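# The sequence isn't on hand, but the structure is:
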Ligand code: ADP
Ligand code: MG
């Protein structure tokens, strides 16, 4: 039996136990990893992003009433709410991701149907691969199927982002939801966060993407994220622009002394990172290994020294990745402060790479990391049964 059938059987069993019947439809949405473009999304810049095979499934069955009843297999927890009175619940914070999506969709005039749902994700939670967006987008997909209407993928991403921003209270950019909604199997996306357009980027055959999870909990990510965002917005405003995206590298270098030292440092990272996104896309298409190494190394250095989103565990992981057989280049992923990192690796050497990284990182930190190759997966939709 393939792993997808196995997962469906297991979830069907859990669904039976909780709701006494079988699910009638399955929504899924992928997590993502940024290949280049840390914190560029809220600066309306570029990101090279990959929808990954790790995803969130919701097994669902419509109900006759206006209730949504949920069970998360990952958390072994229940949550429920009524579509007639959607309020945030601090005791069931995870349920707020689904409540938020329901509230935003309803406010937009979509007809929602209550359902019983079992949630299962292979995206690690709070590790920078965006389990939150996967949960939101899978939820929107279930509501869409149950209500017999359809959203354009970009609009779906925007509404899910709004749910996370306004209902859950996390001021994230569009990257995560966009990737989860618009992603296509087999390619990365070069996303322009200003006009929300994207184009597929197919990586050269021999290059694999390997996630290296530091397993270091991202505790500072929330508060520091808000500060970085505010500093970038202040910098852009002082330079007379709507967003840092609107400043070229050349102009920035001639004007950065107009900014305070710390704000200049933050802005410089973003302006340079934006430029690296476009260059990395070109290098990955043709398989230019030397350029991949140089760009990813600069991205990691900038993240540590200029944007200051590094932690010692990330340094240890970077060292382990760069030493491992088959490595082409490596950098941080997600918001930083721990969580997952990403490496480009020669496809035939993925296993030797992963083994070496696990050994060296464990020796350096005492933490057992996780490493796995990911392939580009399709964006959110129903699981074909
Ligand atoms: P990330 O998106 O990087 O994984 P976030 O902090 O943005 O990290 O989102 C993680 C939160 O999303 C979890 O703490 C939980 O509330 C919610 N979540 C994600 N996946 C699931 C799941 N399978 N079951 C229940 N809650 C989930
Ligand atoms: Mg998230």
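That came through, no problem. This one's a predicted model, so the numbers in the text were calculated from it and none came from an experiment. Ligands and ions are numbered 1, 2, ... in the order given.

# wait, isn't residue 21 in contact with residue 61?
Yes: with contacts counted by C-beta atoms under 8 Å, residue 21 reaches residue 61, the gap being 6.4 Å. Just so you know, the C-beta spots here come from the backbone N, C-alpha and C atoms, and that holds for glycine as well.

# Mind listing the shared neighbours of the two?
Applying C-beta atoms under 8 Å, 6 or more residues apart in numbering, one finds that residue 21 and residue 61 are jointly contacted by residue 15.

# Would you map the strands across this protein?
Along the chain, counting by DSSP state E, strands occupy 25-36, 46-62, 67-72, 77-82, 115-121, 188-192, 197-201, 207-213, 327-332, 340-346, 370-374, 381-382.

# Can you check which of those gets nearest to residue 147?
Of all the strands of the chain, it is strand 46-62 that lies closest to residue 147, at 9.4 Å by C-beta to C-beta.

# Return the list of helices and strands in contact with that closest one.
Contacts defined by 3 or more C-beta pairs under 8 Å, 6 or more residues apart in numbering; DSSP states H and E place strand 46-62 against helix 3-19, strand 25-36, strand 115-121, helix 131-147, helix 175-182, strand 188-192, helix 261-286, strand 370-374.

# Adding distance to ligand 2, mean neighbour count and mean pLDDT, write the ones you listed out as a markdown table.
As requested, these are exported to a markdown table (distance: least, C-beta to the ion, whole Å; neighbours: other C-beta atoms under 10 Å; pLDDT from 0 to 100):
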| stretch | distance to ligand 2 | mean neighbour count | mean pLDDT |
| --- | --- | --- | --- |
| helix 3-19 | 22 | 15 | 95 |
| strand 25-36 | 9 | 28 | 98 |
| strand 115-121 | 12 | 24 | 98 |
| helix 131-147 | 3 | 27 | 98 |
| helix 175-182 | 6 | 29 | 98 |
| strand 188-192 | 16 | 25 | 98 |
| helix 261-286 | 19 | 20 | 98 |
| strand 370-374 | 17 | 18 | 98 |
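
# would TSV of the ones you listed with distance to residue 56 be doable?
Formatted as TSV, the helices and strands packed on strand 46-62 follow (distance: least, C-beta to C-beta, whole Å):
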stretch	distance to residue 56
helix 3-19	12
strand 25-36	5
strand 115-121	4
helix 131-147	4
helix 175-182	9
strand 188-192	19
helix 261-286	26
strand 370-374	15
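
# show me the contacts for the residue lying closest to residue 268 once chain neighbours are set aside.
For residue 268, ignoring the flanking residues on the chain, the nearest one in space by C-beta to C-beta, 6 or more residues apart in numbering is residue 306 at 5.7 Å. When contacts are counted by C-beta under 8 Å, 6+ apart, residue 306 is found next to 265-266, 268-269.

# can you narrow those to ones near ligand 1?
Applying C-beta under 6 Å from any ligand atom to the contacts of residue 306, one finds that nothing falls near ligand 1.

# nearest to residue 26, of these?
Lowest distance from residue 26 to the contacts of residue 306 (C-beta to C-beta) belongs to residue 269, with 40.7 Å.

# For the lowest-mean-pLDDT helix or strand in the chain, which outside residues touch it?
Least confident helix or strand of the chain, by mean pLDDT, DSSP states H and E, is helix 221-238 with a mean of 93. With C-beta under 8 Å, 6+ apart as the contact definition, helix 221-238 has outside contacts at 39, 42-43, 170-171, 242-244, 246-247, 258-259, 262-264, 266-267, 270, 307, 309, 334-339.

# Mind checking which of the residues you listed are in helices?
Counting by DSSP state H, the part of those found in helices is 262-264, 266-267, 270.

# Which single one of the residues you listed is nearest to residue 140?
residue 270 (29.5 Å).

# Run a quick check on the closest one versus residue 46, I expect a contact.
No: assessed by C-beta under 8 Å, residue 270 is found out of contact with residue 46, at 10.7 Å.

# Show me whatever sits in contact with both of the two.
Shared contacts of residue 270 and residue 46, defined by C-beta under 8 Å, 6+ apart, are found at residue 40.

# From the chain's centroid, how far away is stretch 22-30?
The chain centre lies 20 Å from the centre of stretch 22-30; the measure is C-alpha atoms, centre = their mean, to the nearest Å.

# interface residues of the stretch 51-200 of the chain facing ligand 1?
Contact residues (C-beta under 6 Å from any ligand atom) of the stretch 51-200 of the chain with ligand 1: 56, 72, 74-75, 93-94, 97, 119, 121, 125-128, 130-132, 135.

# For this structure, give me the ranges with low pLDDT.
Scanning the chain with the threshold set as pLDDT under 70 gives 1, 220-221.

# interface residues of it facing ligand 2?
Residues of the chain lying close to ligand 2 (C-beta under 5 Å from the ion) are 130, 132.

# per-domain residue ranges of the chain.
Domain ranges of the chain: 3-199+377-382, 204-374, per automatic domain parsing.
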